[in-house]
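# the following comprises the amino acid sequence and a computationally predicted model.
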Amino acid sequence: MRTALLNGFLVGSLLSLGMVGLGLLISTFADSNRVSLSASVFILLALFAPTQMPTSAQRGWFGDLLLRADPFTAGLRYLSRTIINSRSFSQEGHWLVGPAIAAVVALGLALAVSGRVKLGFRGRG
């Protein structure tokens, strides 16, 4: 039970950090909330696309690469293999490379372009 909670916290933290960074990055470049929301939903659906692939497409080096690069799929695979199959972090930790890279890149890019953000009040009229 304790291992499941710790692993869930680890994967959830990596995924949430990556999505926060992505959201900040999108909001920085979007001109309106509508554009930001549309782009965010489109990217989120694109990130979930590899989970909908048939099992025959998940075989081979390209299918494996897609599964490991997608942070959601990699996180789910890591959790299922550590919690359900009782494997250790040293055996299945390679699945967390994708979510960790996504979190670092998204937050790094968001911090790099944070100088572009202008906070101010635009009144009507």
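Perfect, I can see it now.

# other SSEs contacting the lowest-mean-pLDDT helix or strand in the chain?
Least confident helix or strand, the chain: helix 60-69 with a mean of 80, by mean pLDDT, DSSP states H and E. If you count contacts as 3 or more C-beta pairs under 8 Å, 6 or more residues apart in numbering; DSSP states H and E, helix 60-69 packs onto helix 71-79, helix 97-112. Where you see a C-beta, it was placed from the backbone N, CA and C, and this is true even at glycine.

# let me have those in TSV, extended by mean pLDDT.
Output for the helices and strands packed on helix 60-69, formatted as TSV (pLDDT from 0 to 100):
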stretch	mean pLDDT
helix 71-79	89
helix 97-112	92
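
# give me whichever of these is most buried.
Counting by mean count of other C-beta atoms under 10 Å, helix 71-79 has the highest mean neighbour count of these, with a mean of 21.

# packing partners for the helix or strand in which Leu5 is found?
Under the criterion of DSSP states H and E, Leu5 resides in helix 2-29. For helix 2-29, the packing partners by 3+ C-beta pairs under 8 Å, 6+ apart come out as helix 33-48, helix 71-79, helix 97-112.
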